[in-house]
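**Q** All I have is the shape, not the residue letters:
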């Protein structure tokens, strides 16, 4: 959708998933350090299935929103008199959502690890990011300078996420790589919102001069600020998880110590009682 809502919708999706991925990566990393058994892995497998289902549902919502808005194509690709293409921009957005829906299905299939090759979920997500970037690369041809530039900045985050996720297929359980991908997903989400505010001001404010080079310079600087904010959010997520896990570890250790003291006291009491009984006899 060539309006503010059409950019706010995918932006919200990417922000939610970026936040979740930063938390999940941090939880996995600290859980592997604390738990040597496979119980944590089974829990995360269930979470991956839920994540895949949510990703699939969100993608279907995106497709339906692109197709069935009042001025949408309503599943018509080529119609009218004379015969012409129908709302190709909406079709491109629908195609983007389609590949993220496929990624969601792959996430759900990873529950059956015996039948599904390891890393297939990450490969599907990498392909979804690549298709997103591929579509947006040809999305803004013959548009004003500011429109082209603000979308080209988005490509940096998209292809960065595609490459880092693809590397993750072969380098699994790498916390740095996972957090980097999470920050790029957050960057995509906030930047989609920024594109909506610049090109389609929701509050009816003054429109940006799209041929003004000063606006291009500011938008470039603003993109760097967005990524700084994404890094900060990712760092805060990791720190919160680290503090919570350390507190859990500390409390768990105190419980074990308390049980040990109780056992030792119980043993001493039993020995004292036996000695008293022997003395009486």
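**A** That came through fine. Note that this is a predicted model, so its numbers are computed, not measured.

**Q** which stretches of the stretch 151-281 of the chain form helices?
**A** For the stretch 151-281 of the chain, the helices defined by DSSP state H, counting those that start in this stretch occupy 175-199, 213-280.

**Q** Of the ones you listed, which shows the lowest average pLDDT?
**A** Between the helices of the stretch 151-281 of the chain, the lowest average pLDDT goes to helix 213-280, which shows a mean of 72.

**Q** Just give the number of residues close to the nearest residue to residue 3 once chain neighbours are set aside.
**A** Spatial nearest neighbour of residue 3, excluding adjacent residues (Cβ to Cβ, 6 or more residues apart in numbering): residue 200 at 5.2 Å. The way it works is simple: take the backbone N, C-alpha and C, and place the C-beta from them, glycine included. The burial count assigned to residue 200 is 16, neighbours taken as other Cβ atoms under 10 Å.

**Q** isn't residue 200 right next to residue 8, touching?
**A** No. Counting by Cβ atoms under 8 Å, residue 200 does not reach residue 8; the two are 9.4 Å apart.

**Q** Count the residues that sit near the closest residue to residue 164 other than its chain neighbours.
**A** Residue nearest to residue 164 in three dimensions, not counting chain neighbours: residue 181, with 4.6 Å by Cβ to Cβ, 6+ apart. By other Cβ under 10 Å, the residues close to residue 181 number 28.

**Q** residues touching residue 181, list them.
**A** Neighbouring residues of residue 181 by Cβ atoms under 8 Å, 6 or more residues apart in numbering: 21, 161, 164, 165, 168.

**Q** and the closest residue in space to the second one that isn't next to it in sequence, what does it touch?
**A** With sequence-adjacent residues excluded and distances taken as Cβ to Cβ, 6+ apart, residue 161 is closest to residue 184, at 4.2 Å. For residue 184, the set of contacting residues under the criterion of Cβ under 8 Å, 6+ apart consists of 18, 157, 160, 161, 164, 230.

**Q** Kindly provide the distance from residue 184 to residue 149.
**A** According to Cβ to Cβ, to the nearest Å, residue 184 and residue 149 sit 19 Å apart.

**Q** Check residue 161 too.
**A** Look at residue 161 and residue 149: by Cβ to Cβ, they are 20 Å apart.

**Q** what about those two, which has more around it?
**A** When residue 161 is set against residue 149 and neighbours are counted by other Cβ under 10 Å, the residue ahead is residue 161, at 27 against 19.

**Q** I'd guessed that one sits against residue 186; true?
**A** No. The pair residue 161 / residue 186 is not scored as a contact, 10.1 Å apart, by Cβ under 8 Å.

**Q** so what's the residue lying closest to residue 75 once chain neighbours are set aside up against?
**A** Nearest residue to residue 75, sequence neighbours excluded (Cβ to Cβ, 6+ apart): residue 67, at 5.8 Å. Applying Cβ under 8 Å, 6+ apart, one finds that residue 67 lies in contact with 73, 74, 75, 90, 94.

**Q** Same question for residue 165.
**A** The contact partners of residue 165, by Cβ under 8 Å, 6+ apart, come to 122, 125, 126, 129, 181.

**Q** same for the helix or strand hosting the second one, what does it pack against?
**A** With secondary structure defined by DSSP states H and E, residue 125 is part of helix 120-137. Using 3 or more Cβ pairs under 8 Å, 6 or more residues apart in numbering; DSSP states H and E, the elements in contact with helix 120-137 are helix 88-109, helix 145-170.
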